[in-house]
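**Student:** A structural model of the following input is requested.
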Amino acid sequence: MRPIHVHITEDQPRLAKMLRENLELSPGFVVSGWAENGEQLLAQLEIMSAQPDIVLMDIKMPVMDGIAATRNVKNRYPQIKVVMATVFDDEANIFDAILAGADGYLLKDSPPDVIHQAMLEVLEGGAPMSPAIARKALVLLRKSQAPTPATEDHDLSPREIELLEQLSKGLRYDQVAANLNISTGTVRKHIEHIYRKLQVHNKTAAVEAAKRKGVI
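**Tutor:** Okay, here's the model as predicted:
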């Protein structure tokens, strides 16, 4: 049986080593490499003769975080499964990871056998989650089904709303561009349209107006 190839993306060498050792406790797994951030991961995948089966992805990393990296990986290599492995179990991270296309979500302190089983499950089409993550995912699902208050009319496109959500997190234009896989020039053009539609003159006012209207 062909071994399962897993690529680790983790900015902390100690944690990357721990994940590698946990994976390699089973002869059914081979670690194909290690990247310190999302940008390095994408560069490595581009030159690999054969892509890994799974990317074990951290969330909080410099240069390009795990959410943006997951979005890019799923766009370019949809056959690769992405499993988030992180210490962050807050609802915002879970929601963002799911929207980015993550196939599973584990806590880094999961026992080796749990990690091994999750890798097998995701390759069979499952969506493995640590119990604590699964509970919070259910909370998110229930919230998404709750009635939402009526919102004011607006003329914003889905892309402009997506951009406003990025800006509301305090990101710079270049970070927004990387996350949405567009150029900074395109970001600025969208910003011009947003300012005109919301009748504001700066980023802070745009975000406040969007929140007031129930857009974000």
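**Student:** give me the pLDDT for the spatially most central residue of the chain.
**Tutor:** If you average the C-alpha coordinates of the chain and look for the closest C-alpha using C-alpha atoms, centre = their mean, you land on Ile67, 2.1 Å from that point. On the pLDDT scale, Ile67 is placed at 92.
**Student:** and for the one 3 residues further on?
**Tutor:** Reading off the confidence values, Thr70 has pLDDT 95.
**Student:** does it really touch Asp103, like I thought?
**Tutor:** No. With the criterion set as C-beta atoms under 8 Å, Thr70 and Asp103 do not qualify as a contacting pair; they are 9.2 Å apart. For glycine as for every other residue, the C-beta is placed from the backbone atoms N, C-alpha and C.
**Student:** more neighbours, those two?
**Tutor:** Taking neighbours as other C-beta atoms under 10 Å, Thr70 and Asp103 compare with Thr70 leading, 28 against 24.
**Student:** quick one, phi/psi of that one?
**Tutor:** The phi/psi pair for Thr70 (degrees, to the nearest 10) reads phi -60, psi -40.
**Student:** excluding residues flanking it in the chain, which one is nearest it?
**Tutor:** Ala100 (4.1 Å; C-beta to C-beta, 6 or more residues apart in numbering).
**Student:** do the same with Lys197
**Tutor:** Counting by C-beta to C-beta, 6+ apart, the residue nearest Lys197 is Asp155, at 5.1 Å.
**Student:** ok, Pro27 next?
**Tutor:** Counting by C-beta to C-beta, 6+ apart, the nearest residue to Pro27 once its immediate chain neighbours are dropped is Pro3, at 7.3 Å.
**Student:** all helices of the protein, in order?
**Tutor:** 13-23, 38-47, 66-76, 91-100, 112-123, 131-145, 158-167, 173-180, 184-198, 203-212 (DSSP state H).
**Student:** for my notes, please list those in TSV and give distance to Val83 for each entry.
**Tutor:** Conversion of the helices of the chain to TSV gives the following (distance: least, C-beta to C-beta, whole Å):
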stretch	distance to Val83
helix 13-23	11
helix 38-47	13
helix 66-76	10
helix 91-100	10
helix 112-123	6
helix 131-145	11
helix 158-167	24
helix 173-180	20
helix 184-198	30
helix 203-212	32
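**Student:** Val30 is nearest to which of those?
**Tutor:** In terms of C-beta to C-beta, the element of the helices of the chain nearest to Val30 is helix 13-23, at 8.4 Å.
**Student:** output the contacting helices and strands for the closest one.
**Tutor:** With contacts defined as 3 or more C-beta pairs under 8 Å, 6 or more residues apart in numbering; DSSP states H and E, the packing partners of helix 13-23 are strand 4-9, strand 29-35, helix 112-123.
**Student:** and the average pLDDT for that helix is what?
**Tutor:** Helix 13-23 comes out with an average pLDDT of 93.
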